[in-house]
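Chemist: Predicted model follows, preceded by the sequence.
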Amino acid sequence: MITFDAVTKRYPDGTVAVDRLSLEAPTGEITVFVGPSGCGKTTSLRMINRMIDATEGQILLDGEPVQGIDPPTLRRGIGYVIQQAGLFPHRKIVDNVATVPYLLGWDKKKARDRAMELLERVGLDLALAGRYPFQLSGGQQQRVGVARALAADPPVLLMDEPFSAVDPIVRTSLQDELLRLQAELNKTIVFVTHDIDEAIKLGDRVAVLRVGGQLAQLADPKTLLSEPADDFVREFLGHDRGIRRLQFVSTDGLRLRTDLTVQDSTGSSDEPWLLVVGDDGRPLGWRAKERPEELEPYGTFTPGSDSMRAALDAALLSPSGCAVAVDEDGKAVGVATREALDAALAEAADG
Ligand SMILES: Nc1ncnc2c1ncn2[C@@H]1O[C@H](COP(=O)(O)OP(=O)(O)OP(=O)(O)O)[C@@H](O)[C@H]1O
């Protein structure tokens, strides 16, 4: 566990970057620092591995003040990932990843084997190992940066806007990869971002900081979205806070109708919309009563594992206004009508 105990950082010019910050980043969890530019996120992060020293207060690592640990020893147990990866340009990818093992005096083969294992773990093609950083895309370089930080298996990982320099699609896949890795590795991660969506997606706990380096709120994402502490946090969360909250609302209790599914694309019914499925049970499209010859688009969600946000999204993708519930194999298991979605939304609004 990382503990900030009334930590203040005053730079020599008098700027108070962090102001009496007290919080805990629990072991095995992702704690995200988020807030507007200049609110002291990076300064807070760098005080953990003593790239910057606190002016007042202390930071404890599993109860031990970091001030009492010499920086090289401290950093051996702390991986560090920064924006644009910060790879050594003249070293091959495999050697970049093996940097810390080399420094720790591992023999070359063991260090390289470890590097190859990690490259695979972060989802990189091993054929890239012999390349130089400039021969990789931005997203690939970020993965190498993560692999390098994990090389000596440190219990703590500090990540400073690691995914902000890549395009949104790559960014999403890097975030998914981090969550997948974290499910296996259970590191204590402190992650800095200015992007509230990233914070909500990745954080077990999210610390919202305001300019001046004060903690505005520390909460799990669901609580943050439903109970912002004050106007600053509410504004920072943005106007679509309600919609984003739906990603934490389960579809478990959503009522599904099973009588709106048909296998053939002909035949009549009083229902305005019927879902046509193939022989394999997968949806083919919606059939409108007035236009039985055409199949209209549909959207799907998986009850239980997908959120209400996904169910609503599925409904909005179709002119029927209904969401198609599918199982893990993509087979239709029912339909959430507007009425059912309405009822679930009303319940979510109450809670
Ligand atoms: N070496 C320094 N000397 C003086 N002031 C500094 C120094 N480094 C940072 N600051 C100031 O401290 C405050 C916090 O900076 P910091 O980089 O921690 O913020 P941040 O939240 O990470 O910002 P960003 O999202 O823009 O990276 C800012 O006002 C910044 O200008």
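Modeler: Structure's in. What do you need?
Chemist: Leaving aside the residues adjacent along the chain, what's closest to the most centrally placed residue in the chain?
Modeler: What sits nearest the mean C-alpha location of the chain, by C-alpha atoms, centre = their mean, is Leu202, with 2.8 Å. Distances taken as C-beta to C-beta, 6 or more residues apart in numbering put Ile30 closest to Leu202, at 5.4 Å, once the chain neighbours are dropped. C-betas here are computed from N, CA, C, even on glycine.
Chemist: State the number of residues packed around that neighbour.
Modeler: Counted with other C-beta atoms under 10 Å, residues neighbouring Ile30 total 23.
Chemist: so how far is the ligand from the residue nearest to the centre of the chain?
Modeler: 16 Å (C-beta to the nearest ligand atom, to the nearest Å).
Chemist: Then Lys201?
Modeler: According to C-beta to the nearest ligand atom, Lys201 and the ligand sit 18 Å apart.
Chemist: The residue lying closest to that residue once chain neighbours are set aside: neighbour count?
Modeler: Distance criterion C-beta to C-beta, 6+ apart; nearest residue to Lys201, sequence neighbours excluded, is Gln175 at 5.8 Å. Applying other C-beta under 10 Å, we find 18 residues neighbouring Gln175.
Chemist: Doesn't Gln175 belong to a helix?
Modeler: Yes. Gln175 sits within a helix when classified using DSSP: H, G, I helix; E, B strand; the rest coil.
Chemist: so it sits right up against Leu202, yeah?
Modeler: Yes. Between Gln175 and Leu202 there is a contact at 6.1 Å, judged by C-beta atoms under 8 Å.
Chemist: For the chain, which residues are neighbours of the ligand?
Modeler: 11, 13, 15, 17, 35, 37-43, 194 (C-beta under 6 Å from any ligand atom).
Chemist: so who does the residue of the stretch 51-200 of the chain found nearest the ligand touch?
Modeler: Closest residue of the stretch 51-200 of the chain to the ligand, C-beta to the nearest ligand atom: His194 (4.9 Å). Residues near His194 by C-beta atoms under 8 Å, 6 or more residues apart in numbering: 34-37, 41, 161, 164.
Chemist: got it, and Gln135?
Modeler: By C-beta under 8 Å, 6+ apart, the contact set of Gln135 is Leu128.
Chemist: From here on, call the first residue 52.
Modeler: Shifting the count to begin at 52 puts that one at Gln186.
Chemist: how about the residue nearest to the centre of the chain, phi and psi?
Modeler: phi -90, psi -30 (degrees, to the nearest 10).
Chemist: Can you verify my assumption that it contacts Leu229?
Modeler: Yes. Judged on C-beta under 8 Å, Leu253 makes contact with Leu229 at a distance of 6.7 Å.
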